[in-house]
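Undergrad: The following block contains a protein sequence and its predicted model.
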Amino acid sequence: DDRERGNSNVFKEYLAYKLYNELTPNSFRVQLVRVTYVDTQGQVKKITRYGFLIEDDEELAERLGGKVCDCLNPAEEQVVSLDETLMATFNYMIGNDDWSMSMVRNQKIIEKEGAAQVIPVAYDFDFSGVVNASYTVPSSDLNQRHVKDRDYLGFDVEPALLRSVLNH
């Protein structure tokens, strides 16, 4: 109901997507929009808010030259290390702990044509510290005290790969 806070949350999550786009093409494209809600029964006056449109996952997969994988708990060796490390580091950077590789939560797994490995693509950043939405709570599973606390949830990574990702 708080228009200013709601718009702020939308802008910050939109910004997280745009930051991720800058790091890798293996990310969802988004478009900021203004949406006007109309009560067709005439009970409530029109409401206009900001929102964003997110690329369809099938279109994402096609753009990346693959298809969406319905796989659950992909083995570490099945996942492209660079892409997983980049995704996990980005989530760490924005303070997002609302994702899981094993549960394939808040990410899509893309199988590229002719490739033996899959690419994880993160989405749904509203529970991140950078958005800091009023409805988020710290993760009790991670013993967090604040939603802005950070935990690296990615696979173990070789120091050289991590340096490369951080330099990028």
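TA: Thanks, I have the structure now.
Undergrad: Now do Leu64: how many residues are near it, please.
TA: By the criterion of other C-beta atoms under 10 Å, Leu64 has 19 neighbours. In short, each C-beta sits where N, CA and C put it, glycine included.
Undergrad: which one is it nearest to, not counting chain neighbours?
TA: When the adjacent residues along the chain are set aside, Leu64 lies closest to Ile110, with 5.3 Å between them (C-beta to C-beta, 6 or more residues apart in numbering).
Undergrad: who does the one you found bridge with?
TA: Each beta-bridge partner of Ile110 is listed here, defined by DSSP bridges: Val68, Ile119.
Undergrad: what sits against it?
TA: Applying C-beta atoms under 8 Å, 6 or more residues apart in numbering, we find Ile110 in contact with 26, 60-61, 64, 66-69, 118-121.
Undergrad: Buried by neighbour count, from those residues: which ones?
TA: 26, 60-61, 64, 66, 68-69, 118-121 (16 or more other C-beta atoms under 10 Å).
Undergrad: where does the chain have low pLDDT?
TA: Across the chain, the stretches falling below the confidence threshold (pLDDT under 70) are 1.
Undergrad: Do a quick rundown of the helices in it.
TA: Across the chain, reading from the start of the chain, the helices by DSSP state H fall at 3-23, 57-63, 81-93, 159-167.
Undergrad: and those helices as TSV, adding distance to Trp99?
TA: Supplementary listing: the helices of the chain in TSV, determined by distance: least, C-beta to C-beta, whole Å:
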stretch	distance to Trp99
helix 3-23	12
helix 57-63	15
helix 81-93	6
helix 159-167	17
